[in-house]
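In: here is a sequence together with a model predicted from it:
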Amino acid sequence: MRLKSAAVCLGLALILLVPVAAEACSRTVSKEASRTLVPSNRINQSLLEKAIRAEVNFHRCRAGLRKVGDAGNGLTRQAQKHSKWMAKSQQLTHRSTVPGSSTLQQRVNNAGLKVRTGSENIGMVHRYQIDNRRFKILDSSSCQFATYEGQKLPAHSYASLARHIVNLWMNSSGHRKNILDRSVTRMSAAVAFDPNAQYCGRYWVTQNFVG
C-alpha cells in the first residue's frame, strides 16, 4: 500500500490534469453546514466531513478529476482519534503515540479497509475566523474579535471551517497533491477541539484519502 502524508499549520510528481470550466463545478454544502457554528464539544463529525468533502470535490472538479466518496465510519473514527491526540499533545504530526494507531498505515488498517493507496492531510485552525489576517481583540473574555476596519470576526461554521482548511491545503503543494490525486476514490475527515489554545480555542483536523 502506498502511503503519503502532509501537514499544514496556521500549518515532486508531475500531475497532468484536464481543467474544466469553472461554472461547471459547484460546492454542494448544506444549509445546515452554512448556518451552524462548530461547537467546542459534541461536534457533528458527519456534517463537517461532508462539508470538507464538498470542498475537495469542488477543487477536483475544476481539475477535471472524478469526485471522491465517503470512506466510511471506520476511517472517520481513526481520523477523529488522531485529531484528539494532536489536540491533547499539541503536536501537528502524522505519527502519534497511540498504541496500534501511531502511523497512517495502522490507522487505515484499523478502519478495516483494503486499499492500494492512502494519504493524509492534517492542519489546525482557530475557532474564530482570525487566521491569516490582522485583527484586534475587542473583548477576550467573550471572544470578540474584529479587523482593523471594524468587521466583526465570528466563530467558524461547519462550512467556513471546511472551506478555510481546504484552501490552506490547496495553497500547499504537498496537500494539494493529495487532494488532486487521481488514484484516490474515497475520503474521511474529523476534527478535535483544544479549548486552551490562545484566542478562544483551536481545531485540529485530520483528512484521509484511500483508493
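Out: Yep, it's here.

In: let me see the mean pLDDT of stretch 162-171.
Out: The average pLDDT within stretch 162-171 is 98.

In: in that stretch, which residues are buried?
Out: A162, R163, H164, I165, V166, L168, W169, M170 (16 or more other Cβ atoms under 10 Å). Quick note: C-beta positions are derived from backbone N, CA and C, even for glycine.

In: need the three-state assignment for the closest residue to the last one other than its chain neighbours.
Out: Using Cβ to Cβ, 6 or more residues apart in numbering and skipping the chain neighbours, the partner closest in space to M170 is R176 (5.1 Å). The local conformation at R176, judged by DSSP: H, G, I helix; E, B strand; the rest coil, is helix.

In: most widely separated two among the buried residues of stretch 162-171?
Out: For those, the maximum inter-member distance is 12.2 Å, found between A162 and M170 (Cβ to Cβ).

In: what packs against the helix or strand where R163 lies?
Out: Following DSSP states H and E, one finds R163 within helix 158-170. Applying 3 or more Cβ pairs under 8 Å, 6 or more residues apart in numbering; DSSP states H and E, we find helix 158-170 packed against strand 2-9, helix 31-35, helix 45-62, strand 117-126, helix 173-179, strand 202-210.

In: residues making contact with the third one?
Out: With Cβ atoms under 8 Å, 6 or more residues apart in numbering as the contact definition, helix 45-62 has outside contacts at 19-20, 22, 24-30, 32-33, 36, 38, 66-68, 70, 76, 80, 158-159, 161-163, 165-167, 170, 179-180, 187-191, 205, 207.
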